[in-house]
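*Asks:* Sequence plus the predicted model coming up.
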Amino acid sequence: MKLKERITTEDIDGKSFKIRLVESKSPKKSAFTHYLHNSKNGVSQFYKNDAVKYVKEILFLKNQDVEVTDKVAEEALQHYLFNFKNDAPFPEPKKPKFKFIDLFAGIGGFRLALQNLGGKCVFTSEWDKYSKLTYEANFGEVPFGDITKEETKSYIPNDFDVLCAGFPCQAFSIAGKRGGFEDTRGTLFYDVAEIIKRKRPKAIFLENVKGLRSHDKGRTLTTILNVLRNDLGYFVPEPEIVNAKNYGVPQNRERIFIVGFKKELGITDFKYPKPTDKTKVLEDILETGEVSVKYYLSDTYINTLRAHRARHESKGNGFGYEIIPNDGTANAVVCGGMGRERNL
């Protein structure tokens, strides 16, 4: 395995150590950052063993051929903890009101929203390497990897309040079956449901594309609701499709949200929030300063797009692009593929 490393020097207990900060695919780095972020709430104990192993791997005595023992690694870990400063752009609240976990975390949309409400994230998982790098830059914490692996699930602590998951839309094999828990095996929703079954959070907060409602003639959503309500025993009101443009964001982004509450809480009524602000347009959020040329499309590329569209229009095809005016609302922001053309 190729490792990227950065070397610094630290003094611990009067001894000079070289610190080799290693970037690898090992979950130990995730455990290390999760340990630092959860030192004040007791959750850190779930991550301590691997955090010590990570520190042990990256420490070596300067100019001395001395083995780094567990004791030295623990002292170094406490040194990190003592000097840990969360200078991330989006720090956690100083006095959290509740704890949550962030599955299929992306670059941290769920986390940012729940932190703003006073929540403390105690576990996060994301498999995409670029999303993980962005998440670390945003929050100072490295997500664990593939949530379908038992090794990843084993890091999830107990006693958190809310499970958040923006899982992908997948069909279930439910032909001739009741559309229950076992019928979702092999999909990522199954892993979400399994974690809910094991950990029993007070609330669940799920998000998906609006097409989930009609996916597989509605059977996919029916199965999900059946699993949450009947197999797992949560009060789940009818899901709703919410559009970001109705809540102060100049982006036409429709997503379906599913919320649920542990039946023992006695919650029997829930209302989705009503639109708060439909007035925001692109001009309200665009940067006013000079923007780097790298964010612009060249005249040559624009002319290529125009010619491409004209050719398709002459054949009766629908290829095109849309230039959103400053007083307009953006399309849902996408990346890769035709992302540039959809968001001019």
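*Replies:* It's in.
*Asks:* How about residue 272, nearest residue that isn't a chain neighbour?
*Replies:* Distance criterion C-beta to C-beta, 6 or more residues apart in numbering; nearest residue to residue 272, sequence neighbours excluded, is residue 240 at 4.5 Å. C-betas here are computed from N, CA, C, even on glycine.
*Asks:* try residue 107
*Replies:* residue 134 (4.3 Å).
*Asks:* ok, that neighbour to residue 287 distance?
*Replies:* 19 Å (C-beta to C-beta, to the nearest Å).
*Asks:* And the pLDDT at residue 198?
*Replies:* pLDDT for residue 198: 96.
*Asks:* next SSE after the helix or strand hosting it?
*Replies:* Using DSSP states H and E, residue 198 falls within helix 188-199. Using DSSP H and E, the helix or strand that follows helix 188-199 in sequence is strand 203-209.
*Asks:* Can you give me the buried ones in that next one?
*Replies:* Using 16 or more other C-beta atoms under 10 Å as the test for burial, strand 203-209 gives 203, 204, 205, 206, 207, 208.
*Asks:* Surely the second one touches residue 161?
*Replies:* No: Residue 204 lies out of contact with residue 161 (C-beta atoms under 8 Å); the separation is 10.4 Å.
*Asks:* circling back to that earlier point, neighbour count winner among residue 134 and residue 287?
*Replies:* residue 134 (15 against 7; other C-beta atoms under 10 Å).
*Asks:* That one belongs to a helix?
*Replies:* Yes: applying DSSP: H, G, I helix; E, B strand; the rest coil, one finds residue 134 inside a helix.
*Asks:* circling back to that earlier point, just give me the closest of the buried residues of strand 203-209 to residue 278.
*Replies:* Closest approach to residue 278 among the buried residues of strand 203-209 (C-beta to C-beta): residue 207, at 21.0 Å.
*Asks:* bridging residues for that closest one?
*Replies:* Under DSSP bridges, the beta-bridge partners of residue 207 are residue 257.
*Asks:* can you pull the contacts of it?
*Replies:* Listed by C-beta atoms under 8 Å, 6 or more residues apart in numbering, the contact partners of residue 207 are 110, 165, 166, 255, 256, 257, 258.
*Asks:* Report the buried members of these.
*Replies:* 110, 165, 166, 255, 256, 258.
*Asks:* just how off-centre is stretch 70-80 within its chain?
*Replies:* Its chain's average C-alpha position is 30 Å from that of stretch 70-80, according to C-alpha atoms, centre = their mean, to the nearest Å.
*Asks:* Please identify the buried residues of it?
*Replies:* Neighbour-count burial for stretch 70-80, counted by 16+ other C-beta under 10 Å, picks out 72, 73, 75, 76, 77, 79, 80.
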